[in-house]
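> Fold the following and give me the result.
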Amino acid sequence: ILSLIGFSSILLTGLIGLFQLKPEYLAIKEALIPLIICIVVFSSQNSKYPIVIKLFEHLLDLDHIKSHLTDKDKEAKFQSVLKGSSTIVGLSFLVSSVLNYVLARVIVVSSPGSVAFNEELGKMTALSYPVIALPSSIILVIAIWFLIKKTQALTGLTLEELLKIK
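Sure thing, here's the model as predicted:
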């Protein structure tokens, strides 16, 4: 799915250049993908298959954790921690969407199809790592840190005991 999203993004960028659409469309396209992911994360939270929690299942030994949740109150608090972590992940994609839009609007101002447009596109791509990827990564680390610390407090388990990979 991620490969398909990446391919679609590249295809849309090419179409914007090919059809010489206004640079605003590039900014919208840049913001659209992380915004869609944000919407999917938030809309799946209360579904049968919350996406971020499914991802956490690959990181955490949920069976071991649940065996250390000694009462219903702790089980409810753990579900709240999972939802809180999922919310932080969703917010990271919202931040990414806003930053993508702003960066594209500020950097790409030339008409598509021009040499300047291609240069600005390259500059935007280069700046996207420190301006977008770094803050988004920091927010994701905060989500994982929040999940681990709160789960440790609820269960008394060490980090090694929480993780699936031992």
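> which intervals of this structure have sub-threshold pLDDT?
Low-confidence segments of the chain, defined by pLDDT under 70: 1-2, 166.
> so where do the helices sit in it?
For the chain, applying DSSP state H gives helices covering 2-18, 23-44, 51-59, 62-67, 72-107, 115-128, 134-155, 159-162.
> Columns mean neighbour count on top of these, output as TSV?
Backbone N, C-alpha and C define where each C-beta goes, glycine included. Formatted as TSV, the helices of the chain follow (neighbours: other Cβ atoms under 10 Å):
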stretch	mean neighbour count
helix 2-18	12
helix 23-44	18
helix 51-59	16
helix 62-67	14
helix 72-107	18
helix 115-128	15
helix 134-155	16
helix 159-162	13
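> Closest to the centroid, which residue in this protein?
By Cα atoms, centre = their mean, the chain has its centre lying nearest to residue 93, at 4.0 Å.
> for that one, what are its contacts?
The contact partners of residue 93, by Cβ atoms under 8 Å, 6 or more residues apart in numbering, come to 34, 35, 37, 38, 41, 136.
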